[in-house]
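A.B. asks: Take this sequence and fold it.
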Amino acid sequence: MAFSNREIGHPAAVRAVGTALAHNPIPFFIPCHRVVRSDGVIGNYSAGGPAAKRDILILEGVRLQKLQELARAGYRYEGVRSTKVYCYPTCHHARRALEKNVVWLHDAAEARKSGFRPCKVCRPEAAVAS
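C.D. replies: Numbers count the residues shown, from 1 in each chain. Alright, predicted model coming up:
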């Protein structure tokens, strides 16, 4: 299970998280390929580089172009109206939502204000914890 830089107690340790992901000894079991930069750029992947990461995400149903466009526009989370849960767009649960039920959210505060609770799988609240 991957942890955010805030979750490990170092909110500015973006490079440290990247280094930890790069040294993941079992990338197919610890899904570090789902970690995408906040600007929407795919980033590197220890099990075959960015092209392999892109291919795996596409196989999992991630809409990469949309993910990149939304990231550039400042949207970080996907809320699902039918479940009132918000997730990272790469979360398996978020990808299963019907497009008509999806709400794009800028941050956790906006999600909570709109009545959404954090996903128990991808744990987006961990990224905003101090």
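
A.B. asks: Assign a three-state SS to residue 79, would you?
C.D. replies: Here residue 79 is recorded as strand under DSSP: H, G, I helix; E, B strand; the rest coil.

A.B. asks: Tell me how many other residues surround it.
C.D. replies: When neighbours are counted by other CB atoms under 10 Å, residue 79 registers 23. Where C-beta positions appear, they are placed from N, C-alpha and C, glycine not excepted.

A.B. asks: residues in contact with it?
C.D. replies: 85, 86, 102, 103, 104, 105, 111, 114, 116 (CB atoms under 8 Å, 6 or more residues apart in numbering).

A.B. asks: ranking these by neighbours, who comes first?
C.D. replies: The most crowded member of the contacts of residue 79, judged by other CB under 10 Å, is residue 86 (28 neighbours).

A.B. asks: and that residue, helix, strand or coil?
C.D. replies: Under three-state DSSP, residue 86 falls in the strand class.

A.B. asks: Can you pull the phi and psi angles for the most centrally placed residue in the chain?
C.D. replies: When CA atoms, centre = their mean is applied to the chain, the residue found nearest the centroid is residue 88 (3.9 Å). For residue 88, the backbone dihedrals (degrees, to the nearest 10) come out as phi -70, psi 150.

A.B. asks: thought residue 57 was touching residue 31?
C.D. replies: No: Residue 57 lies out of contact with residue 31 (CB atoms under 8 Å); the separation is 10.1 Å.

A.B. asks: Settle it for me: which of those two has more neighbours?
C.D. replies: Remark: of residue 57 and residue 31, residue 57 carries more neighbours, 20 against 15, as counted by other CB under 10 Å.

A.B. asks: which ones are touching that one?
C.D. replies: Residue 57 touches 33, 34, 36, 42, 64, 90, counting by CB under 8 Å, 6+ apart.

A.B. asks: Quick check: chain neighbours aside, which residue is closest to the last one?
C.D. replies: This points to residue 90. Leaving out its chain neighbours, the residue that sits closest to residue 90 by CB to CB, 6 or more residues apart in numbering is residue 34, at 4.3 Å.

A.B. asks: and the one you found, what does it touch?
C.D. replies: Residues counted as contacts of residue 34 (CB under 8 Å, 6+ apart) are 2, 57, 60, 88, 90, 91.
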